[in-house]
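[1] The following comprises the amino acid sequence and a computationally predicted model.
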Amino acid sequence: MSSTKYILGSFADPDDMMHGIDKLQENNISIYDCFTPMPIHGIEAKLGVKPSRLPIAAFCFGITGLVSGISLLYYTIVYDWPMNIGGKPALAMPDFVPVSFELTILFCALGMVATFFFRNHLFPGRAPRVMDLRATDDRFIIAIDAKENTDYEKINSLLKEAGAVDVLHNERKYVSYE
Amino acid sequence: METHSHHYHTYNFSEQFEFSGKAKVLSLVGILIGIVAIAYGFLTGGHIQVERTYANLLLMGYYFTCVCSAGAFFVALQYVTQSGWSAGLVRIPQAMAGVLPVAALLLLIICATGLFSGNLYHHWAEEGLTDPNSPKFDKIIAGKAVFLNTPAFLLRQIIFMGAYSIFAIIIAKNSYKEDLDGGLNSYKKNFKLSAIFLVIFGFTTPIWSFDTIMSLEAHWFSTMFGWYNFAALWVSGLCVITLIIVLLKKAGYLAWVNENHLHDLGKLIFGFSIFWTYVWFAQFMLIWYSNQPEETIYFYKRWEPEFKPWFWLNIIINFVAPVLILVDRDAKRKENVLIFVCCLLLCGHWLDYYLMVMPGTVGEHRGFGLIEIGTALGFVGLFTFLTLSKLSKQALAPAKHPFLDESLHHQI
């Protein structure tokens, strides 16, 4: 049994990479993931990536912000220290709108950034997980799980045929820690 | 015949819309209903009914002009932002902008005849209001007379709407010239013209809405009113653009416009409906909070029993409905959902304008009947007839637009 964990096809051109994905899929070779330095239109559909769940997270953060805003206002100006402002009732809804709205947006925005960082293992001082360093620069990478797809010769030749500049057999998943 | 290959598709960009059949008949029927309703309003009742007809004419004339200028604004915005996504569908707002001169002329006639016959704007234009010796003397109106007087009012209307119309015509002309000549010359010219147009439009539309609508209740003023009207103009304009595109697609045209473009239009409608609410609420809350009688009178009138249900319905249709319906990604990509939302919002903004115009003109004599529905149908018919005739005269896509290829590959 080989010690290869992942096979990476490294392309210099996004169209070649898309062609490579087609070739592999035609031969029933499952693709672990693709890494590109820029967004490629249509790649999610091709790889069958499920729609992001980030909107659900955003909704939850938004609701949290809304509830926080209303609670803060209710506690301060209705329950703890009601004040007479222009003769209006302490619990007046138009008052509540701006603060609740702003806190909804704030929680939503910060929460989504935090979710993004958490999901991508990005924290200050931590080496980012990258399977190929040049995928953030000028290469388009197709990663194939070598434990699931064992016909290495075929994978090599398919990638080369599709126009891969390099085919790497990596024994570790992430190279960025080395 | 010009063709363009895009992977597997070939599009015929010289395709032209054929204006005939049901669309033509229905728009002519609409115009006829409008004429009957307006004639009925003018001829069969007393002076209150004439005033009510004028109020409706102003409402629809303003709505019509707003939607056409939203077309010009859309086209100019695409040039200035150098947008690629919209290149394939820009001929629709361009056709709307092409009708702007007619709409502007019509609104000018309505304003001028309403003003001179004393049916509109009599709140500030009546004889004696600015004369200190007259029993009718009104100190507030006299203080505003430098700005709000008949010659200045008409001059501003002519200059503003004239300027919008001229820019709309020249920009469209350059775009049609591009179809014949190709190259970047037309695009560069239009970029410059659009930038100038947007500056003029941005600074003058608030004043234009102060004149046309806000001066109906000349004692009251709100600096938010111009942005509030702009938001309504832009949302309703976007709805009309989307509606025409979806209906054209259903009729088999515009094959190069797909759900990605509709998604973008849906996002604009969604976002600007929220913007409309934001400005509406900002105006409401500041007045509610400071609670000064000369300002609250505006909402007090709209809080009377005959307007209160409509006041709330306005918020439900124009804010709650688009937010709940369009928040989902897939909803913005479905033709039928968009048709429903666009029709709903167009009715909603009619109601919005109704609540701006009626309390300050006919007040408790307001109504909702043949005059309202007929006038609205008449203007819808007129708009449809003129816009579709304009659209049918040129190719449906700007075949030599520098960003057309980007539009074909648009994906979100």
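    Yes, it's here. Numbers count the residues shown, from 1 in each chain, chains lettered A, B, ... in the order given.
[2] CA only for contacts and neighbour counts going forward, please
    Noted.
[3] Now do stretch B:283-298, average pLDDT.
    Stretch B:283-298 shows an average pLDDT of 92 in the prediction.
[4] So is it next to chain A?
    Yes: interface with chain A: stretch B:283-298 contributes B:Met285, B:Tyr289, B:Ser290, B:Asn291 (CA under 8 Å from any CA of the partner chain).
[5] Compute the distance between the residue of chain B most remote from its centre and B:Gly143, please.
    Among residues of chain B, the one most distant from the C-alpha centroid is B:Asn133; the distance is 42.0 Å, by CA atoms, centre = their mean. Taken as CA to CA, to the nearest Å, the spacing of B:Asn133 relative to B:Gly143 amounts to 15 Å.
[6] what's the answer for A:Ala162, then?
    Relative to B:Gly143, A:Ala162 is positioned 79 Å away (CA to CA).
[7] Which of the two has more residues huddled nearby?
    Using other CA atoms under 10 Å in any protein chain shown as the criterion, A:Ala162 and B:Gly143 rank with A:Ala162 on top: 20 against 11.
[8] list the contacts for the more buried one?
    If a contact means CA atoms under 8 Å, 6 or more residues apart in numbering or on different chains, then A:Ala162 has A:Asp16, A:Met17, A:His19, A:Gly20, A:Lys23 as its contacts.
[9] In a strand, the third one, correct?
    No: counting by DSSP: H, G, I helix; E, B strand; the rest coil, one finds A:His19 to be helix, located in no strand.
[10] Setting the sequence-adjacent residues aside, check what's closest to it.
    Nearest residue to A:His19 in three dimensions, chain neighbours excluded: A:Ala162, at 6.1 Å (CA to CA, 6 or more residues apart in numbering or on different chains).
[11] Repeat that for the last one.
    Nearest-residue entry for A:Lys23: A:Leu158, 6.7 Å, with adjacent residues in sequence omitted and distances by CA to CA, 6+ apart.
[12] Specify the local secondary structure of the one you found.
    helix.
[13] before we move on, back to that, which of the contacts of A:Ala162 has the most neighbours?
    Comparing those by number of neighbours (other CA under 10 Å), A:Met17 comes first, having 24 neighbours.
[14] residues in contact with that one?
    Taking CA under 8 Å, 6+ apart as the test, what A:Met17 contacts is A:Phe11, A:Phe140, A:Ile141, A:Ile142, A:Ala162, A:Gly163, A:Ala164.
[15] Write out the residues of the stretch 51-200 of chain B neighbouring chain A.
    By CA under 8 Å from any CA, no part of the stretch 51-200 of chain B sits against chain A.
[16] Could you check which residue of the stretch 51-200 of chain B lies nearest chain A?
    Residue nearest to chain A within the stretch 51-200 of chain B: B:Trp85 (13.7 Å; CA to the nearest CA).
[17] measure the residue of chain A most remote from its centre to chain B for me?
    No residue in chain A has its C-alpha farther from the mean C-alpha position than A:Gly87, which lies at 50.4 Å (CA atoms, centre = their mean). Per CA to the nearest CA, to the nearest Å, A:Gly87 is found 10 Å from chain B.
[18] I'd like the average pLDDT over stretch A:37-47.
    For stretch A:37-47, the per-residue pLDDT averages 89.
[19] now stretch A:153-160
    Model confidence over stretch A:153-160 averages 93 on the pLDDT scale.
[20] Now do the buried residues in that stretch.
    Residues A:Ile155, A:Asn156, A:Leu158, A:Leu159, A:Lys160 are the ones in stretch A:153-160 that count as buried (16 or more other CA atoms under 10 Å in any protein chain shown).
[21] For A:Tyr6, give me the backbone phi and psi.
    Dihedral angles of A:Tyr6 (phi, psi; degrees, to the nearest 10) stand at phi -140, psi 140.
[22] by contact count, what packs against the longest helix belonging to chain B?
    In chain B, taking DSSP state H as the definition, the longest helix is helix B:47-80. Using 3 or more CA pairs under 8 Å, 6 or more residues apart in numbering or on different chains; DSSP states H and E as the contact definition, the elements that helix B:47-80 packs against are helix B:21-43, helix B:91-98, helix B:100-116, helix B:150-181, helix B:185-212, helix B:225-250, helix B:335-361, helix B:370-392.
[23] Now do A:Thr4, the pLDDT please.
    Looking at A:Thr4, its pLDDT is 89.
[24] quick one, what contacts it?
    For A:Thr4, the set of contacting residues under the criterion of CA under 8 Å, 6+ apart consists of A:Ala146, A:Lys147, A:His169, A:Asn170, A:Glu171, A:Arg172.
[25] The second one against A:Ile29, yeah?
    Meaning A:Lys147. No: with contacts counted by CA atoms under 8 Å, A:Lys147 stays clear of A:Ile29, the gap being 11.6 Å.
[26] between the two, which one's more packed in?
    A:Ile29 (18 against 14).
[27] does the closest residue in space to the more buried one that isn't next to it in sequence count as helix, strand or coil?
    In this structure, A:Ile29 finds its nearest non-sequential neighbour in A:Asn149, 6.4 Å apart by CA to CA, 6+ apart. Three-state assignment for A:Asn149 (three-state DSSP): coil.
[28] I am assuming A:Asn149 contacts A:Ile31, so please confirm or correct that.
    No: the pair A:Asn149 and A:Ile31 does not pass the contact test of CA under 8 Å, sitting 9.2 Å apart.
[29] can you count the residues close to B:Pro184?
    I think there's a mix-up here, since residue B:184 is Leu and not Pro. When neighbours are defined as other CA under 10 Å, B:Leu184 has 13 of them.
[30] Chain neighbours aside, what residue packs nearest to it?
    The spatially closest residue to B:Leu184, leaving aside those adjacent along the chain, is B:Pro402, at 7.2 Å (CA to CA, 6+ apart).
[31] does the one you found count as helix, strand or coil?
    coil.
[32] residues near it, how many?
    Burial of B:Pro402 is recorded as 17 neighbouring residues (other CA under 10 Å).
[33] That one and B:Ala87, how far apart?
    Applying CA to CA, one obtains 8 Å for the distance of B:Pro402 from B:Ala87.
[34] now the longest helix of chain B against helix B:100-116, angle please.
    Using axes from the mean of the first three to the mean of the last three CA atoms, to 10 degrees, the interaxial angle of helix B:47-80 with respect to helix B:100-116 works out to 150 degrees.
[35] Now helix B:47-80: buried residues?
    With burial defined by 16+ other CA under 10 Å, the residues of helix B:47-80 counted as buried are B:48-80.
[36] what's the neighbour count on the residue in the stretch 201-350 of chain B that chain A sits nearest to?
    Among residues of the stretch 201-350 of chain B, the one nearest chain A by CA to the nearest CA turns out to be B:Met285. It sits 6.5 Å away. Here the count is done by other CA under 10 Å, and B:Met285 has 16 residues near it.
[37] Retrieve the pLDDT associated with the nearest residue to it once chain neighbours are set aside.
    The shortest distance from B:Met285 to any residue other than its chain neighbours is 6.5 Å, reached at A:Pro94 (CA to CA, 6+ apart). For A:Pro94, the model assigns a pLDDT of 89.
[38] would A:Pro94 count as being in a strand?
    No: secondary structure of A:Pro94 (three-state DSSP): helix, not part of a strand.
[39] in the chain, which segments are predicted with low confidence?
    Went with chain A since none was named. Along chain A, segments meeting pLDDT under 70 span A:1, A:177-178.
[40] that's the wrong chain, I meant chain B
    In the prediction, chain B carries residues with pLDDT under 70 at positions B:1-9.
[41] Of the residues of stretch B:283-298 next to chain A, which is the nearest to B:Lys24?
    Lowest distance from B:Lys24 to the residues of stretch B:283-298 next to chain A (CA to CA) belongs to B:Met285, with 45.1 Å.
[42] Is the closest one in contact with A:Met93, as I believe?
    No: between B:Met285 and A:Met93 there is no contact under CA under 8 Å: 10.2 Å.
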